[in-house]
Structures are given as structure tokens and as C-alpha cells.
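A.B. asks: Build me a model:
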Amino acid sequence: MHINCTTSSTGQSHLLVSESYTIEINGVHKNRKRTIRNIGPLSKFDDGKPNYVERLKKSFKDGCPIIPELTDLAIRAKAKDKFLVKFDRANQDSCMLDPKNLGYFILDGLYYGLGLDAICALHKSRSKIEYDLNGLAKLLIFGRALCPESKKRTYQQKNNYLFNVVNSDNLIEIYRALDVLDLKSEAIQKKMNTNIKKCIGRNTEVCFYNVTNYRFEIGQDDDDVTDEIGNINNGMRKEGGSNEKRREHIVQMGLLIDDNKIPIAYRLSPGNEPDQTTFNTGIEKSIIEMDFSKVIIVSDSVLNDADIAHIIKNGNGYIVSKSAKKSESYVKTWMLAEDGYVWNEKKTFKVKSKIRTRVVKDENGRDVNITEKIVCFWSKRHYDKEIHENRDLIEYLDKVAKNLSLANKRPNKICEFLKETLVNKKTGEVLKGASKVLAIDNVKVASCFELQGYYTLLTSEIDMPDNEIIAKYHRLSRIEDSFKIIESDLDGRPVHVRTPEHINAHFLISFVAITMMRLIQHRVLKFLGEQTQTACRNAGVSASRIKKALNEFIVDVLPGGYCRIKEPNEDMQLILNSLGIVGNFCLPTLHDLHQLKFSIDRVTKTCL
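C.D. replies: Below is the predicted model of the structure:
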């Protein structure tokens, strides 16, 4: 590398760092030059002394450029296997350990690979934004993935990275960036999907959908707001049943992921809306806009009949669970009849199915005829689990049966099993005209517990084998894993932003962060030769281990531009290997680390 001084068409002199290289074209080697760094106009650096450019070239060649910002490039040519590092004890900053994060290199490459830079750059250009929108978006996403904190604290951590992530000196800009991320949320999700489909493909034959909620520590519901033309914008933070089985102020989040565990889209809805109303508000729209072929939606009982009608209308399919206890009486009778069941060899599992036609109401209240398959299965493992979970209830019911006075306390947990009856208080005999007391309804108890271990699935895929339907449904657990990652590793709850725009931006940031985690996992599994659809839950690297590996990949810059890196742990080395990255971690120079970042960017941009 060397210093060049060029003259523009306006006559202004510019300083560049250039590099010569050789390429082969049709067997002929040809020399080329490329610009490594645009230093800036000569007038900005000229100290007024004679022969400034010549002095700069010589100092750069000697490894001590008179422009300090070029030190990392100059050291490349002067790097030695043995060198002396000098510390000045009078300079406290140079003597203190100040480790910087290197793990963000992976996230930075994924940021560009997902196309987020293009969305932010285009919006900044069109809206004449002056602050560093891309840098602030990266800061928010990297912070959520590596060290989840408040937005203010995340901004204060901007200097924790080796190279500059954002150019911003005003905290208010991070909140302005949240407004933009909310505005571009759908465009970002669509762009991410386009780039993922292009680079690694989307496995959308089966997609998984579920709903969770996130609590806010506030005292009252958000108000509904009516706009100028009369439309009602519902407040988001509403009191509802939280995952902790408490009444809290929450926001509902519906998440759709593909069969590789990679998120596709998310949507938010007010906390007081039932789970069954969340799908048709936006997720189905995302499936249509993202131009997938037929998609089979796998979900728990969060899809209602209107959702099913809408799914069928758009040429898609569904596999949804249905509570055996809440099934129609004729389905329960069929379920408990032994006719038609196919047992496994160990007699621990049995399954049967039948096809039926029924009428459902679409979103407009119109009747729609659908043909679907009911799959019923019984599992000894599930049966034993339910027996264990209900053991205390069964014991308490036995006590109430022996001492009816306990029933009068009406404990909530047995209300559904109680009935009023007429009893002679002296003899305990059930008589007409005697006093009314509460007693155990043995018919209800028997009806409830005889269905233990039974599960039912409803599906539009009437030609799909029963065991395949069950296998696809069991993979729904991977979306629960995604929710756990958001809640634990990404510290998703409680949420401490207030406005609807900032709430949506917060969840968009979490959505992008977990997508990055899943892409790293996908890359590692592919490197290990595992299939993401069939890999066990412990295969590859978990999100918590990825987070730990990226956080522990740190470097301390020594005087003179050399760096001392903490040795990558086993997981970090596996991630680097999966990307085909071989770095020089033995006292690299800053230029070496620039090259490492460039290599990671190039890999993640082209193949995620």
C-alpha cells in the first residue's frame, strides 16, 4: 500500500491510500490498482510545511504516518514477529485494559446480508435525515443480541465495539431512529425474507404460528384514539391474561417461522384481544405479500374458524390442535371407541383418523364448507404426564367425595366437577325435597379423566399420512424455543418503551436479532452436516451459547497498533469455521482485523 495524491476535475487535491494487485484474464496477468481508503482533501491535513505529501508518504512507509488515523494501514507493511510495546504510566488511558467486542463482526455482516442497510439508506436519502440511521439501527440490534439493555444504556455502550458502529453524539437520535424502524417495519420484514430466500432458500412447506405476550409495568390501559376521519386506533398496552397466569398490562405478539426455525414475520395486537383473533390481522397478509407457494400453517388452538376459512380461501393449508376435552360429543365418542386405532409395537401409542365436512364462518360471517381430517392419537408418555400433573387434583376430589362439607368451600380448582344435589343431612341419603348441598359430579369427573393422554389434530391435508401430520405438529415446539430466546437471551420482558411506534420498533429489533441468531445456527448445522428440519433440539449451538461466544470474542488494542485477542472459545471457533473464516489471532494489527471483518462481511452478504 502507498499514499496517492490525485487532482479532481475542480482542481482540488485529494489523498488516498491505494494498493496494487494482479489479476489473471485469459491466462494473462494484469496489474490493477484499488483504493483502500479515501483520506480526504489535502487542504484538511497540510501542516503548511514544505513537501507535506512526500513527508506523509515516507512516514507511512516507515510505519509511523503523520496522520494518526492511517496507523492501522501503515503497520501492515511494518508488522513484525517480535516487537517492543511501550506504555506511558503518565497516560492512564493507555495503561488500562479497554477490551472491545469483535463478535459483532458476525452480526454486522448479517445486517448487510439481510438488506437492512439498503432500507435505511434509501429512507434517509428520501427523507433528508441528517443523523446516522444505519449506525443507530445497528447499535440497537447488536445491543439487543449481545447485551440487552434499555435504549439509553444501549446508546451509552456505543464505544464497546472495536470499530465505530455509529456516528452520533445526541441520545435523542436513538429515539428518532425507533420512529423510523416502526415506519419501515413491514418493508424490513419483506426485504429480509427476499434476501433469505435468495441466499439460503425458505423452507415454507410447513410454517409454524403461535402467540405470546409481553408485560409492561404501567398502571392503566392505553387509551383508544379516534383519528380525524373517525377510525379508531386501539391502544396496545391493555390488561389481559399474561403468560404468568396473572392479569397484567400486556401486548400480544404473533410470530410465524419456517421449517428451518428462521422467523418470517411478526404482528402485534392489543393485550385484551384473544389469541384466536391475532392471525388474520396481518400474518396471513405477510404470507401473500412475500409470494410463497402453498403454506401449511401449524399452530396450537390460536386459529379460529374464520382464520381457517381465510387460509383455505388463499390456497394454503393448516394443522391445528383441538382440545380433546372441548371436542364435540360425537368426536369424543369416536375417540374413545377402540375401532380403527393402529397401535405401535410396544403398545405405547395408537392413532386413527377420519375425514369430515363441516361449516365454518369466515371473517364476514358467511358460511364456508370445508373438508378436513381429524387425527386422534393416544400416547402413554402424555398419559403418564397428565396423571402426574393432575395427581393433587385427583387426591383432593377423593377427599371431597368422602367429606362433602369440603365441597361447600367451592375451591376454584374443582368448580367444574361440582353439582348441587338434595341430601338428607342426618343419613346422607339423596332424597327429593331435602336440603341442597354441593357434591362431586362423577359423570363430569369420568368424562374428563377418561380423555387423559388423548390429543386431536384438525388438518386440511386429508391425503397426508397420520404419522406425518403428527410429526409436523410436534415441530411446533421450535416456535416456543423462539419465544424463550426473545424472553430470556434477548431480555424481551418487561418492555420499557411507551409509544405505539417505539413498542413496535422494540419488537422489530428483537425480531431481527433472533433472525440473526437462527441464521448463525442454520449455518453451523449445515457445516456439521445436520438437517435443520430433523436435527435434535440440542444440535449445533444454542442461542445462549452464541450470545456468550460473541460477547467473549474481545480484543485489547496495544500501543503501536497491535492487538491482543482473547482466544475464541469452542463455539466461536465453530461459528468462524462454519463461515470458512481463518483469522490471524496472534497479535494481529488493526489492519488484520479490518481484513477479518471484510472477510466476514463478504461471506455473510453472499450466503448468510
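
A.B. asks: Only the buried residues of stretch 463-474, if you could.
C.D. replies: For stretch 463-474, burial by neighbour count (16 or more other C-beta atoms under 10 Å) applies to 464, 466, 469-470, 472-473. From N, CA and C alone the C-beta is placed, and that goes for glycine too.

A.B. asks: what does the average pLDDT come to for that stretch?
C.D. replies: Stretch 463-474 comes out with an average pLDDT of 93.

A.B. asks: Dump it to CSV, keeping only the CA atoms.
C.D. replies: Only the C-alpha atoms of stretch 463-474 are listed here, as CSV (Å, rounded to 0.1, in the frame of the first residue of the first chain):
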residue,chain,number,x,y,z
ASP,A,463,-54.1,-37.1,1.9
MET,A,464,-51.2,-36.7,4.3
PRO,A,465,-50.4,-39.8,6.4
ASP,A,466,-51.4,-39.6,10.1
ASN,A,467,-47.9,-40.0,11.5
GLU,A,468,-46.6,-37.3,9.2
ILE,A,469,-49.2,-34.9,10.4
ILE,A,470,-48.3,-35.7,14.0
ALA,A,471,-44.6,-35.3,13.3
LYS,A,472,-45.2,-31.9,11.7
TYR,A,473,-47.3,-30.8,14.6
HIS,A,474,-44.7,-31.8,17.1
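
A.B. asks: List the contacts of that stretch.
C.D. replies: Residues outside stretch 463-474 that contact it (C-beta atoms under 8 Å, 6 or more residues apart in numbering) are 206, 296, 298, 319, 321, 351-353, 373, 375, 377, 457, 459, 461.

A.B. asks: With secondary structure and neighbour count as new columns, can those residues be given to me in JSON lines?
C.D. replies: Below are those laid out as JSON lines (DSSP: H, G, I helix; E, B strand; the rest coil; neighbours: other C-beta atoms under 10 Å):
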{"residue": "206", "secondary structure": "strand", "neighbour count": "20"}
{"residue": "296", "secondary structure": "strand", "neighbour count": "21"}
{"residue": "298", "secondary structure": "strand", "neighbour count": "28"}
{"residue": "319", "secondary structure": "strand", "neighbour count": "26"}
{"residue": "321", "secondary structure": "strand", "neighbour count": "17"}
{"residue": "351", "secondary structure": "strand", "neighbour count": "21"}
{"residue": "352", "secondary structure": "strand", "neighbour count": "18"}
{"residue": "353", "secondary structure": "strand", "neighbour count": "19"}
{"residue": "373", "secondary structure": "strand", "neighbour count": "19"}
{"residue": "375", "secondary structure": "strand", "neighbour count": "24"}
{"residue": "377", "secondary structure": "strand", "neighbour count": "23"}
{"residue": "457", "secondary structure": "strand", "neighbour count": "23"}
{"residue": "459", "secondary structure": "strand", "neighbour count": "21"}
{"residue": "461", "secondary structure": "coil", "neighbour count": "17"}
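
A.B. asks: Show the contacting residues for residue 315.
C.D. replies: Shown in contact with residue 315 (C-beta under 8 Å, 6+ apart): residue 294.

A.B. asks: What is the most widely separated pair among the contacts of stretch 463-474?
C.D. replies: The largest separation in these, counting by C-beta to C-beta, is between 206 and 352 at 22.5 Å.

A.B. asks: With respect to residue 480, which of the contacts of stretch 463-474 is nearest?
C.D. replies: Closest approach to residue 480 among those (C-beta to C-beta): residue 298, at 12.2 Å.

A.B. asks: I'd assumed residue 207 was in contact with the closest one.
C.D. replies: Yes: using C-beta atoms under 8 Å, residue 298 makes contact with residue 207 at a distance of 6.9 Å.

A.B. asks: number of nearby residues for residue 366?
C.D. replies: Other residues within reach of residue 366 by the criterion other C-beta atoms under 10 Å amount to 9.

A.B. asks: Next: the one 3 residues further on.
C.D. replies: Using other C-beta under 10 Å, residue 369 has 10 neighbouring residues.

A.B. asks: okay but it is in contact with residue 356, surely?
C.D. replies: No: taking contacts as C-beta under 8 Å, residue 369 lies outside contact range of residue 356: 11.1 Å.

A.B. asks: give me the element the residue nearest the centre of the chain is part of.
C.D. replies: Taking C-alpha atoms, centre = their mean, the centroid of the chain lies closest to residue 514, which sits 2.7 Å from it. If you go by DSSP states H and E, residue 514 is part of helix 500-527.

A.B. asks: in that helix, what counts as buried?
C.D. replies: Across helix 500-527, burial judged by 16+ other C-beta under 10 Å covers 500-526.

A.B. asks: Remind me what that helix packs against, helices and strands.
C.D. replies: Applying 3 or more C-beta pairs under 8 Å, 6 or more residues apart in numbering; DSSP states H and E, we find helix 500-527 packed against helix 104-113, helix 133-146, helix 172-183, helix 185-199, strand 247-257, strand 263-270, helix 543-552, helix 570-578.

A.B. asks: Turn these into a markdown table, columns for mean pLDDT, distance to residue 93 and mean neighbour count.
C.D. replies: As requested, the helices and strands packed on helix 500-527 are exported to a markdown table (pLDDT from 0 to 100; distance: least, C-beta to C-beta, whole Å; neighbours: other C-beta atoms under 10 Å):
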| stretch | mean pLDDT | distance to residue 93 | mean neighbour count |
| --- | --- | --- | --- |
| helix 104-113 | 95 | 22 | 24 |
| helix 133-146 | 96 | 23 | 25 |
| helix 172-183 | 96 | 26 | 19 |
| helix 185-199 | 92 | 39 | 18 |
| strand 247-257 | 89 | 44 | 23 |
| strand 263-270 | 90 | 42 | 23 |
| helix 543-552 | 95 | 23 | 20 |
| helix 570-578 | 94 | 28 | 19 |
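
A.B. asks: export these to TSV and tack on distance to residue 121?
C.D. replies: TSV is the format used below for the helices and strands packed on helix 500-527 (distance: least, C-beta to C-beta, whole Å):
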stretch	distance to residue 121
helix 104-113	11
helix 133-146	6
helix 172-183	12
helix 185-199	12
strand 247-257	27
strand 263-270	23
helix 543-552	25
helix 570-578	28
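
A.B. asks: one step back: can you check what angle separates the helix holding residue 514 from strand 263-270?
C.D. replies: Counting by axes from the mean of the first three to the mean of the last three C-alpha atoms, to 10 degrees, helix 500-527 lies at 150 degrees to strand 263-270.

A.B. asks: List just the nearest of the buried residues of stretch 463-474 to residue 597.
C.D. replies: Residue 597 lies nearest to residue 472 out of these, by C-beta to C-beta, at 40.4 Å.

A.B. asks: Could you find the closest non-adjacent residue to that closest one?
C.D. replies: Spatial nearest neighbour of residue 472, excluding adjacent residues (C-beta to C-beta, 6 or more residues apart in numbering): residue 206 at 5.3 Å.

A.B. asks: With residue 99 instead?
C.D. replies: residue 554 (4.1 Å).

A.B. asks: Looks like that neighbour contacts residue 104 (just checking).
C.D. replies: No: using C-beta under 8 Å, residue 554 makes no contact with residue 104, being 10.4 Å away.

A.B. asks: which outside residues touch stretch 1-19?
C.D. replies: If you take C-beta under 8 Å, 6+ apart as the criterion, stretch 1-19 is touched by 33-43, 45, 53, 56-57, 60-61, 70, 73, 76-77.

A.B. asks: Closest one to residue 262 out of the buried residues of stretch 463-474, please.
C.D. replies: residue 472 (16.8 Å).

A.B. asks: Help me confirm that that closest one is found in a helix?
C.D. replies: Yes: under DSSP: H, G, I helix; E, B strand; the rest coil, residue 472 falls within a helix.

A.B. asks: how far away is it from residue 456?
C.D. replies: From residue 472 over to residue 456 the distance is 15 Å, taken as C-beta to C-beta, to the nearest Å.

A.B. asks: what helix or strand does residue 14 sit in?
C.D. replies: Taking DSSP H and E as the criterion, residue 14 maps to strand 13-25.

A.B. asks: right, and residue 255 touches residue 213 too?
C.D. replies: No: using C-beta under 8 Å, residue 255 is not in contact with residue 213, being 11.6 Å away.

A.B. asks: Secondary structure element holding residue 65?
C.D. replies: Residue 65 is part of no helix or strand when elements are defined by DSSP H and E.
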